[in-house]
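# Pasting the sequence and the predicted coordinates here, then a few questions.
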Amino acid sequence: MSFQQGLSGLNGASKQLETIGNNIANANTVGFKSAVTQFADVYANSLSGTSGLGTAGIGTRVSQIAQQFSQGNITASNSSLDMAINGGGFFRLNKNGAISYARNGQFQIDKDGYLVSADAGRLTGFVASNTGVLQTGSPTDLRISTADLAPKETVEVEALLNLDSRATVPGAFNATDPTTFNNSTSVTVFDSLGNSHVVQLYFRKTAANAWDVHATSATGTIAAGPVASITFDSAGNLVGGSPGNISIALTNGAGTPINGATGISLDFSSTTQFGSAFGVNSLTQDGFASGRLSGFNVGSDGTITGRYTNGKTSTLGQVVLANFSNPNGLQPLGNNQWAESNASGVALVGAPNSGRLGLIQSSATEDSNVDLTAELVNMITAQRVFQANAQTIKTQDQVLQTLVNLR
């Protein structure tokens, strides 16, 4: 008599119950991937290496415990550092030179400014230069720079105005006398140190379809006389003078002209002269003061964009993802992490939402993909299988006892 079949069945059912129990235990573990127990039958081989025809098998064995990398539900969170992968791929972590991979996107910033997991593994990606340009070479540890955003000197002011063609020609220009110009407006510009300067622009009609533009500033020096002369055709479109960029040599606090010898360019190319009231439709400039980091967010492509107190944004880095030809071949490490192995193939690293890589959802986490209902049903089935195998052993024992009792 052989107890092999029943014993192997008990061992197999026990392993299956262990797998189910582990799945249920991690039902609330962020980024956890459930597993299933896979079985194979066992046959005894003869000396020739093959089993005989009609030979009964000698039981079962666990061929593998296969992880299921199906997508888990995405749940919103209150932390801007939380990230969820919607699709394929893994976060790439570096802990003291050891590379691991995870689907758990619960990150925080350590004392050195690095994005780290709960066990201090540093999230890797592409870093950005001081000008916000990504260095898309080899992934490295991502660090959130808290340095101030450097100011940008104003190079150009773009004015979209309408000058009233019905206006009359005033007397000689005097910035302190409103009767000597037709209209005025102001714009704030910035020098190379981020200091602001308010430039007051005055528009004075000199003849039919012809205007002079004067400028003053309380914090800098602007050359005397008009800084621009512009003319219009009979349809009110800008045609003469300097229809493109016109320079203002505003001196900053250090005594040097803003934007060097060229000065600040005024772009009036979209300005019109129609028979309607003076109006400023748009008045923009390209400079800004320095700013401090006030927060950041992660885009669907993994780009980390910093927000600054001066209202500007800058790219701080980009999270990368890694995928494998055979994710089931990854070696589990615990702590929701896996390691590359010969069975998984080499890591294929790239930007999110490219190739086979999924996109990133910020302020969200990926739930475990454990289906509790299915696991409970599987538990009942495994329990019945265990009981049935125990019954075969009991039956074998009874048969053996009968044989022993023969007289």
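Sure thing, it's come through.

# So what touches stretch 225-237?
163, 165, 173, 204, 206, 209-215, 238-243, 246-248, 266, 268, 271-275 (CB atoms under 8 Å, 6 or more residues apart in numbering). All C-beta atoms are positioned from the backbone trio N, CA, C, and that covers glycine.

# Identify each buried residue in it, please.
For stretch 225-237, a neighbour-count test (16 or more other CB atoms under 10 Å) marks Pro226, Val227, Ala228, Ile230, Thr231, Phe232, Gly236 as buried.

# farthest pair in these?
Set against one another by CB to CB, the buried residues of stretch 225-237 have their most distant pair in Val227 and Gly236, with a gap of 22.0 Å.

# one step back: narrow the contacts of stretch 225-237 to those that are buried.
Restricting the contacts of stretch 225-237 to buried positions leaves 163, 165, 204, 209-215, 238, 241-243, 246-248, 266, 268, 271-273, with burial counted as 16+ other CB under 10 Å.

# quick one: the strands in the stretch 301-407 of the chain?
With strands called from DSSP state E, counting those that start in this stretch, the stretch 301-407 of the chain shows them at 303-308, 313-319, 321-323, 331-334, 337-339, 348-350, 359-362, 364-366.

# List the residue ranges of the stretch 201-350 of the chain that fall below the pLDDT cut-off.
240-246, 253-254 (pLDDT under 70).

# so how far is Thr29 from Asn23?
Asn23 sits 10 Å away from Thr29 when distances are taken as CB to CB, to the nearest Å.

# who's more crowded, these two?
The residue with the greater number of neighbours, taking Asn23 and Thr29 and applying other CB atoms under 10 Å, is Asn23; the counts read 25 against 14.

# For my notes, confirm that one occurs in a helix.
Yes: counting by DSSP: H, G, I helix; E, B strand; the rest coil, one finds Asn23 located in a helix.

# That one and Leu376 touch, don't they?
No: with contacts defined as CB atoms under 8 Å, Asn23 does not count as touching Leu376, sitting 10.4 Å away.

# Show me the domain layout of the protein.
For the chain, the domain assignment from automatic domain parsing gives the residue ranges 4-70+368-404, 74-149+292-366, 156-285.

# Return the subset of the contacts of stretch 225-237 lying in helices.
Residues of those located in helices (DSSP state H): none.

# any idea of the mean pLDDT for the longest helix belonging to the chain?
Scanning the chain for the helix with the most residues, using DSSP H, yields helix 372-404. Helix 372-404 shows a mean pLDDT of 89 in the predicted model.

# from the middle of its chain, how far away would it be?
Between the mean C-alpha location of helix 372-404 and the chain-wide mean there is a distance of 52 Å, by CA atoms, centre = their mean, to the nearest Å.

# Output the contacting helices and strands for that helix.
In terms of contacts (3 or more CB pairs under 8 Å, 6 or more residues apart in numbering; DSSP states H and E), helix 372-404 is packed against helix 4-25.

# which residues sit against the following helix or strand past the helix it packs on?
Past helix 4-25, heading to the C-terminal end, the next element that is a helix or strand (DSSP states H and E) is strand 35-42. Counting by CB under 8 Å, 6+ apart, the neighbours of strand 35-42 from elsewhere in the structure are 8, 12, 15-16, 19, 22-23, 57-68.

# For PyMOL, write the select line for the buried members of these.
With 16+ other CB under 10 Å as the burial test, the buried ones among the contacts of strand 35-42 are selected in PyMOL as follows:
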select buried, resi 8+12+15+16+19+23+58+59+60+62+67
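
# CA atoms only for stretch 112-129 - export them in CSV, please.
As requested, C-alpha coordinates have been extracted for stretch 112-129 and formatted as CSV (Å, rounded to 0.1, in the frame of the first residue of the first chain):
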residue,chain,number,x,y,z
ASP,A,112,18.7,65.1,2.2
GLY,A,113,15.8,65.8,-0.2
TYR,A,114,15.7,62.4,-1.9
LEU,A,115,12.4,60.7,-2.8
VAL,A,116,12.5,57.5,-0.8
SER,A,117,10.3,54.4,0.0
ALA,A,118,9.3,53.3,3.5
ASP,A,119,12.6,51.2,3.7
ALA,A,120,14.7,54.2,2.5
GLY,A,121,15.1,53.0,-1.1
ARG,A,122,15.7,56.0,-3.3
LEU,A,123,13.4,56.5,-6.3
THR,A,124,15.4,56.8,-9.5
GLY,A,125,14.8,58.8,-12.7
PHE,A,126,16.2,61.5,-14.9
VAL,A,127,17.5,64.6,-13.1
ALA,A,128,17.1,68.2,-14.5
SER,A,129,19.7,70.9,-15.0
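
# Give me the buried positions along it.
Of all the residues in stretch 112-129, those buried under the rule 16+ other CB under 10 Å are Tyr114, Leu115, Val116, Ser117, Gly121, Arg122, Leu123, Thr124, Gly125, Phe126, Val127, Ala128.

# could these go into CSV alongside pLDDT, distance to Gly194 and secondary structure?
Formatted as CSV, the entries for those read as follows, by pLDDT from 0 to 100; distance: CB to CB, whole Å; DSSP: H, G, I helix; E, B strand; the rest coil:
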residue, pLDDT, distance to Gly194, secondary structure
Tyr114, 95, 29, strand
Leu115, 96, 29, strand
Val116, 96, 33, strand
Ser117, 95, 37, coil
Gly121, 95, 38, coil
Arg122, 96, 33, strand
Leu123, 96, 32, strand
Thr124, 97, 33, strand
Gly125, 95, 30, strand
Phe126, 95, 28, strand
Val127, 92, 25, strand
Ala128, 90, 21, strand
